[in-house]
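In: whatever this is, show me its structure:
(one chain, ligands or ions: 1)
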Amino acid sequence: MYYAYKYRLKPSDAHREELDRHRDICRQLYNHTLYRLNEYQDEHGELPSMTTLRSELPDLKKWWDGLSEVYSKVLQTVVERLFDNLKGLSALKKNGYGVGQLKWKPPREFCSFTYSQSGFKLDKKGGQTVLSLSKLADIPIRLHRTIPDDATLKQVTVKKEPTGEWFATFGVQMDREPPETPENPERCVGIDVGILKYAHDTDGTAVGSLDLSDERDRLEREQRKLSRKQHGSNNYEKQRRQVAECHADLRRKRRDFLHKLSNYYAREYDFVAVEDLNVKRMMESPSNSRNTASAAWRTFLSLLEYKCEREGTHFVAVNPKGTTKECASCGVSTEKPLWVREHSCPACGFEADRDANAAWNILSRGLEDVGVGYSESTSSETRCVSDGRTRASLSLTPVETALPVDTPVSAKRVVEAGSPTLKERTASAVSE
Ligand SMILES: [Zn+2]
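Out: Numbering: from 1, shown residues only. Model (predicted):
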């Protein structure tokens, strides 16, 4: 499996100049290669192969001075990138290649370049971690999380964001064992994602939605200012950067929250069940917030799935049909309008928060999906029995939510502490 690890670079002014210079040489090579593609097609009536164009690079270096100043593998990835774009285009067009459709890249649209296989490494220089890029520089990097020891670094892409910041994304390869059948009920969790609360799980942890109204207000203010500036002027350019920073700030805060929440679930549990959002009950959200919310859920779930895979945790997306209506204790369905926030079963008397009840249903469906029987038991002491051949069975007891319905953990807590609970579960398990 391939994974991406993204870090912020902290280049000096001299580094920035070098990064921009290399970026621009790559851009020129991209445009030149595009021109060569067209020229070759006119001459031969067909497109050259990627190898043909890559093999022209040494000759090109003879008359193109700047080219030799860029690491050779970087130049090769520029040619590969053009072919990737071409493939993407032909997949869209179906009726053959459409080289003519590929556009020449102006400086603003060519933001990144890639070191593949060699020419880059992480290093320590003067007590600081640096990304050492061949023929370029040793650029300080903020490694806010470590890359696992067993990971193989395959490539690194350095990219300039519209704000002017530079980031490095490592493509790494890791061989992970497929997750084992979940055995410990305490390490299995079902999560219900929603509008009023961001998430509610079977451990009674409820997390509130992230409040970004201040950031949105600021963005609107800066956008209004931009609309009053004269297009193309120096002030316009300055203000455009302000707006780009607001966008980046919003994106950063949202991603940060989703990263921390998904990290928490992937690390603390062996088994995570969620609803399959392709068929998620979208009707529950008011139309104006529907798109934003569903986009955020999708991001959350894709991060969660990816991290679960990385941590060796089972990830299951279940059919969401009727998860709020069904009773987690006895299975009887009862109609429940959106404004009814509690689940109270007329058949068995089980009472819980609406979302907690849904989370329990999600968990039991998830366990069924992986072939683990879900047996109801009044004793939470019972552990499951699994001999590897017979169906494993977990004893799970729906419990009433530990938190009052109206006071979920704030999203702010997740951002500050990196976890919605006061104590990480692993830490509490050790102390027991
Ligand atoms: Zn019931």
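In: give me the below-cutoff pLDDT ranges for the stretch 201-350 of the chain.
Out: The stretch 201-350 of the chain contains residues with pLDDT under 70 at 278-294.
In: now do 80
Out: Scanning the stretch 201-350 of the chain for pLDDT under 80 picks out 277-296, 338.
In: spell out the residue ranges of the helices in it.
Out: 213-228, 234-268, 287-311 (DSSP state H, counting those that start in this stretch).
In: so what does the first one touch, helix or strand wise?
Out: Secondary-structure packing of helix 213-228 (3 or more CB pairs under 8 Å, 6 or more residues apart in numbering; DSSP states H and E): helix 234-268. (C-beta placed from N, C-alpha, C; glycine too.)
In: and the helix it packs on, how far from the chain's centre?
Out: In terms of CA atoms, centre = their mean, to the nearest Å, the gap separating the centre of helix 234-268 from the centre of its chain is 12 Å.
In: buried ones in it, by neighbour count?
Out: 239, 242-247, 253-254, 257-268 (16 or more other CB atoms under 10 Å).
In: and this structure, what are its domains?
Out: 2-174, 188-431 (automatic domain parsing).
In: nearest to the ion, out of the ones you listed?
Out: Among the domains of the chain, the nearest to the ion by CB to the ion is domain 188-431 (3.1 Å).
In: residue 61 and residue 29 touch, don't they?
Out: No. Look at residue 61 against residue 29 with CB atoms under 8 Å: they stay out of range, at 10.5 Å.
In: overlap in contacts, these two.
Out: residue 67 (CB atoms under 8 Å, 6 or more residues apart in numbering).
In: residues near whatever residue of the stretch 1-150 of the chain ends up closest to the ion, how many?
Out: The minimum distance from the stretch 1-150 of the chain to the ion, using CB to the ion, falls at residue 1 (41.0 Å). Using other CB atoms under 10 Å, the number of residues around residue 1 comes to 10.
In: kindly report the same for the one 5 residues further on.
Out: As a burial measure, residue 6 scores 13 neighbours (other CB under 10 Å).
In: and it, what does it touch?
Out: If you count contacts by CB under 8 Å, 6+ apart, then residue 6 has 167-170 around it.
In: ok, of those residues, which come out buried?
Out: If we count by 16+ other CB under 10 Å, the contacts of residue 6 have these buried: 167-168, 170.
In: give me the subset of those residues lying in strands.
Out: Per DSSP state E, strands hold the following members of the buried ones among the contacts of residue 6: 167-168, 170.
In: redo those residues as a markdown table? Include pLDDT.
Out: Shown next, in a markdown table, are these (pLDDT from 0 to 100):
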| residue | pLDDT |
| --- | --- |
| 167 | 96 |
| 168 | 96 |
| 170 | 94 |
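In: could you dump the residues you listed to TSV with distance to the ion?
Out: Listed next are these as TSV, based on distance: CB to the ion, whole Å:
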residue	distance to the ion
167	51
168	53
170	50
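In: from those, which is closest to residue 354?
Out: residue 167 (40.6 Å; CB to CB).
In: show me the beta-bridge partners of the closest one.
Out: Counting by DSSP bridges, residue 167 is bridged to residue 8, residue 159.
In: which strands and helices sit next to the strand or helix carrying residue 88?
Out: Residue 88 is part of helix 72-93, with elements assigned from DSSP states H and E. With contacts defined as 3+ CB pairs under 8 Å, 6+ apart, the packing partners of helix 72-93 are helix 13-44, helix 50-55, helix 57-63, strand 112-116.
In: any idea which of those is most buried?
Out: Comparing the helices and strands packed on helix 72-93 by mean neighbour count (mean count of other CB atoms under 10 Å), strand 112-116 comes out on top with a mean of 21.
In: run me through the strand neighbours of it, direction for each.
Out: Strand 112-116 has these strand partners (DSSP bridges): strand 152-160 (antiparallel).
In: contacting residues for the residue of the stretch 1-150 of the chain closest to the ion?
Out: 173-176, 309-310.
In: are any of those buried, and if so which?
Out: Neighbour counting by 16+ other CB under 10 Å classes 309-310 among the contacts of residue 1 as buried.
In: turn the contacts of residue 1 into a markdown table, including distance to residue 79.
Out: What follows is the contacts of residue 1, written out as a markdown table (distance: CB to CB, whole Å):
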| residue | distance to residue 79 |
| --- | --- |
| 173 | 23 |
| 174 | 28 |
| 175 | 30 |
| 176 | 32 |
| 309 | 32 |
| 310 | 32 |
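In: biggest separation within the contacts of residue 1, which pair?
Out: Most distant of the contacts of residue 1, by CB to CB, are 173 and 309, 13.1 Å apart.
In: ok, for residue 133, nearest residue in space, not its chain neighbours?
Out: residue 120 (5.4 Å; CB to CB, 6 or more residues apart in numbering).
In: I should have written residue 277 there, sorry.
Out: residue 297 is the one closest to residue 277 (CB to CB, 6+ apart), at 5.5 Å.
In: so that neighbour is in contact with residue 274, correct?
Out: No. Contact criterion CB under 8 Å: residue 297 and residue 274 do not qualify, at 9.0 Å.
In: which residues do these two both contact?
Out: residue 193.
In: who has more neighbours out of the two?
Out: Counting neighbours by other CB under 10 Å for residue 297 and for residue 274 shows that residue 274 has the greater number, 29 against 22.
In: could you find the closest non-adjacent residue to the more buried one?
Out: residue 191 (5.2 Å).
In: what's the angle from the helix or strand where the one you found lies to helix 234-268?
Out: Residue 191 belongs to strand 188-193 when assigned by DSSP H and E. For strand 188-193 against helix 234-268, the angle by axes from the mean of the first three to the mean of the last three CA atoms, to 10 degrees is 150 degrees.
In: tell me which strands strand 188-193 pairs with, and in which orientation.
Out: The pairing partners recorded for strand 188-193 under DSSP bridges are strand 197-201 (antiparallel), strand 271-275 (parallel).
In: and of the ones you listed, who's closest to residue 39?
Out: strand 271-275 (51.7 Å).
In: how much space separates residue 211 from residue 60?
Out: 54 Å (CB to CB, to the nearest Å).
In: just residue 29 next, same as before
Out: For residue 29 relative to residue 60 (CB to CB), the value is 8 Å.
In: which residues are in contact with both of the two?
Out: By CB under 8 Å, 6+ apart, the residues touching both residue 29 and residue 60 are residue 67.
In: about what we covered before: for the residue nearest to residue 133, give me phi and psi.
Out: phi -140, psi 150 (degrees, to the nearest 10).
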